[in-house]
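# Sequence and computational prediction follow.
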Amino acid sequence: MESLILLHGALGTSKQFDFIFPLLKEHFDVHRINFEGHGEAGPTESTFRISYFVENVLGYMDEHRLKKANFFGYSMGGYVALSLAKDYPERVKGVSTLGTILQWNEEIADRESKYLHPQKMKEKVPHFVDKLKDKHLSGWERVVNNTRDMLQYLGVHPSIEIDEWKQIDCPIRFHIGDSDTTAGLEQTIAAYRKTDNSEMMVLPGTGHPIHDVEKDLLVHSLRQFFTNIEKSHLNNRAQKTNGSNN
């Protein structure tokens with residue numbers, strides 16, 4: 001089976017994929033990790049940065065002897081996967097994203113970090129805070145504050161600059177909900193047009209939260225996309241072999 005690594009979103013953990021994990025396991029050798037400071041990974045003294053999360057993924061791959069893998073990333077996890085594909089193309093077969101903000105600037109960073117203040121969250125979304133408390137061993141407030149800092153840093157120092165999209169030459173499939181106001185349909189289309197080897201799938205009646213997605217539709221799309229990558233790889237290898245024998 002082909003290896004597929006699942007990368008979670010901001011403030012989330014690998015358990016975000018519980019609802020599709022059993023279905024994906026039928027078709028792939030599925031792995032999922034918690035980025036440093038998230039979930040059961042425990043506290044970290046370092047700040048949150050996309051580049052550090054990329055290193056988390058590489059460390060996991062080395063530990064599990066995965067030379068190359070496919071990636072599915074939700075929200076921030078998709079951006080980590082694409083950053084990995086840009087900087088370490090030899091480790092990535094293909095990338096699929098869901099609800100990922102693909103182009104960062106200060107305006108977007110301010111919008112996304114505006115409500116990431118623990119006291120404000122306690123007042124406005126206490127039920128969400130209770131869920132965060134249960135998720136993160138390192139302390140939910142630490143995760144929120146570090147995430148806010150990371151997003152503000154991204155606004156000034158995006159991991160993928162506008163002129164770097166062409167450097168990502170692995171197959172990509174962008175998934176975006178038609179009602180996703182966080183990642184944004186138009187912004188996803190813009191990134192899709194900047195990449196040479198990408199596809200895009202708009203999910204009907206779907207907002208940003210991962211559980212808005214119709215799971216059978218998503219799993220079918222992921223299975224089709226990553227299977228086609230492998231078929232293309234095998235066909236190319238066969239063509240090279242036949243060519244060398246002529």
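Yes, it's here. Numbers count the residues shown, from 1 in each chain.

# shaky segments in the chain?
231-246 (pLDDT under 70).

# Show me where it has its strands.
Ranges of strands in the chain, per DSSP state E, are 3-7, 29-33, 69-74, 92-98, 172-177, 198-203.

# Nearest to residue 166, out of those strands?
Set against residue 166 and scored by Cβ to Cβ, those come closest in strand 198-203, at 11.0 Å. Yep, even glycine has a C-beta here, placed from its N, CA and C like the rest.

# Tabulate the strands of the chain in TSV, adding columns for mean neighbour count.
Shown next, in TSV, are the strands of the chain (neighbours: other Cβ atoms under 10 Å):
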stretch	mean neighbour count
strand 3-7	24
strand 29-33	19
strand 69-74	25
strand 92-98	26
strand 172-177	25
strand 198-203	16
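
# now the ones you listed in JSON lines, with distance to residue 152?
Listed next are these as JSON lines, based on distance: least, Cβ to Cβ, whole Å:
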{"stretch": "strand 3-7", "distance to residue 152": "21"}
{"stretch": "strand 29-33", "distance to residue 152": "25"}
{"stretch": "strand 69-74", "distance to residue 152": "21"}
{"stretch": "strand 92-98", "distance to residue 152": "22"}
{"stretch": "strand 172-177", "distance to residue 152": "24"}
{"stretch": "strand 198-203", "distance to residue 152": "28"}
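
# Looking at those strands, which is nearest to residue 61?
So among the strands of the chain, strand 69-74 is nearest, using Cβ to Cβ, at 6.5 Å.

# Packing partners of that closest one?
Judged by 3 or more Cβ pairs under 8 Å, 6 or more residues apart in numbering; DSSP states H and E, strand 69-74 is in contact with strand 3-7, helix 76-87, strand 92-98, helix 215-245.

# Which of those sits closest to residue 141?
Per Cβ to Cβ, nearest to residue 141 of these: helix 76-87, 18.4 Å.

# orientation of the closest one relative to strand 172-177 in degrees?
With axes from the mean of the first three to the mean of the last three Cα atoms, to 10 degrees applied, the angle from helix 76-87 to strand 172-177 works out at 160 degrees.

# which other residues reach helix 76-87?
For helix 76-87, contacts defined as Cβ atoms under 8 Å, 6 or more residues apart in numbering pick out 6-10, 35, 50-51, 53-54, 57-58, 71-73, 91-92, 95-102, 159-160, 164, 167-168, 170, 172.

# again, but for stretch 32-51
In contact with stretch 32-51 (Cβ under 8 Å, 6+ apart) are residues 5-8, 12-15, 17, 21, 52-53, 56-57, 60, 76, 79-80, 83, 135-139, 142-143, 146-147, 149-150, 153-154, 159.

# Nothing else from me, thank you.
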